[in-house]
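Chemist: here you go, sequence then predicted model.
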Amino acid sequence: MLFTELENTINSFDFNQISEKRKIILQPLVDYIQNKVDNKLHSRLNLICTHNSRRSHLSQVWAQTAAAHYKVQNVCCYSGGTEATALYPMVAETLQRAGFNVKTISEGKNPVYSIKFSANDLPIIGFSKTYDDDFNPDSEFVAIMTCSQADVGCPFISGAEKRVPITFEDPKVSDGTPQQKEVYQERSLQIGTEMFYVFSQIK
């Protein structure tokens, strides 16, 4: 059972807003997960961005939540960057507003967050790390490039079985502007809608 407030956010997702062009971009990820499900294997998704601070975390959290919502078994979602920085505070705030239970486990330059989508499921642990950090899988995973900079900058992801570019615009462009909260919310909902669409296609 997902948190009620989170269910309300999910109910606002409209797959009709996803363009056909975008659905073609998402299809390789659908195929990857479907193949794993058909063969009763684990689906390991490593969502990668340059700094592992914004888009990769939003993608990881929404993908893991979508797997739980659609009861797709054996899905583990991770995130990483080409460098480690910190999970940007507005991301945690945006997830909390969407209905997630977000708690800070440790403070510091690279805080660690517990992000829960339901009372009885394990939390997603959110902090910034490189994609090849010990916290992440070292083989048998799909590398999902959530920003074009990381996609271009990382021609090779060691251990990845497959590489899928699903890039999103960086909400960072709004930092320090009055539109910041709105832009982060918009990006979070776009990523949530697309990740839920992906898992809705799994049979």
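Modeler: Yep, that arrived.
Chemist: CA only for contacts and neighbour counts going forward, please
Modeler: Fine.
Chemist: regarding the chain, what is its longest helix?
Modeler: When the chain is parsed with DSSP state H, its longest helix is helix 180-200.
Chemist: can you list contacts of that helix?
Modeler: 10, 13-15, 18, 26-27, 29-30, 58-59, 62-63, 66-67, 70, 72, 90-91, 94-95, 168-169, 171, 174 (CA atoms under 8 Å, 6 or more residues apart in numbering).
Chemist: check which helix or strand the nearest residue to residue 203 once chain neighbours are set aside maps to.
Modeler: Once flanking residues are discounted, residue 203 sits nearest to residue 34: 7.2 Å by CA to CA, 6 or more residues apart in numbering. Take DSSP states H and E as the rule and residue 34 turns out to sit in helix 20-38.
Chemist: with residue 94 instead?
Modeler: Short version: residue 94 belongs to helix 89-98, going by DSSP H and E.
Chemist: tell me the angle whatever helix or strand comes next after that helix makes with helix 89-98.
Modeler: Once helix 89-98 ends, the next helix or strand along the chain (criterion: DSSP H and E) is strand 101-106. Angle of strand 101-106 versus helix 89-98, following axes from the mean of the first three to the mean of the last three CA atoms, to 10 degrees, is 150 degrees.
Chemist: could you check which helix or strand contains the residue most central in space within the chain?
Modeler: The residue lying closest to the centre of the chain (CA atoms, centre = their mean) is residue 59, at 1.6 Å. Using DSSP H and E, residue 59 falls within helix 55-69.
Chemist: pLDDT (mean, whole number) over the helix or strand following that helix?
Modeler: Per DSSP H and E, the first helix or strand lying C-terminal to helix 55-69 is strand 75-81. Here strand 75-81 scores 98 as its mean pLDDT.
Chemist: so residue 60 makes contact with residue 75?
Modeler: No - the pair residue 60 / residue 75 is not scored as a contact, 11.1 Å apart, by CA atoms under 8 Å.
Chemist: got the buried residues for the lowest-mean-pLDDT helix or strand in the chain?
Modeler: Least confident helix or strand of the chain, by mean pLDDT, DSSP states H and E, is helix 148-153 with a mean of 85. Residues of helix 148-153 classed as buried: 148, 150, 151 (neighbour count, 16 or more other CA atoms under 10 Å).
Chemist: what do you get for stretch 99-112?
Modeler: 99, 100, 101, 102, 103, 110, 111, 112.
Chemist: show me the contact partners of it.
Modeler: 3-7, 9, 85-87, 92, 95-96, 113-118, 125-128.
Chemist: in strands only, show me those.
Modeler: 113, 114, 115, 116, 125, 126 (DSSP state E).
Chemist: buried ones in the longest helix of the chain?
Modeler: Buried, per 16+ other CA under 10 Å, within helix 180-200: 180-181, 183-185, 187-200.
Chemist: brilliant, that's me finished.
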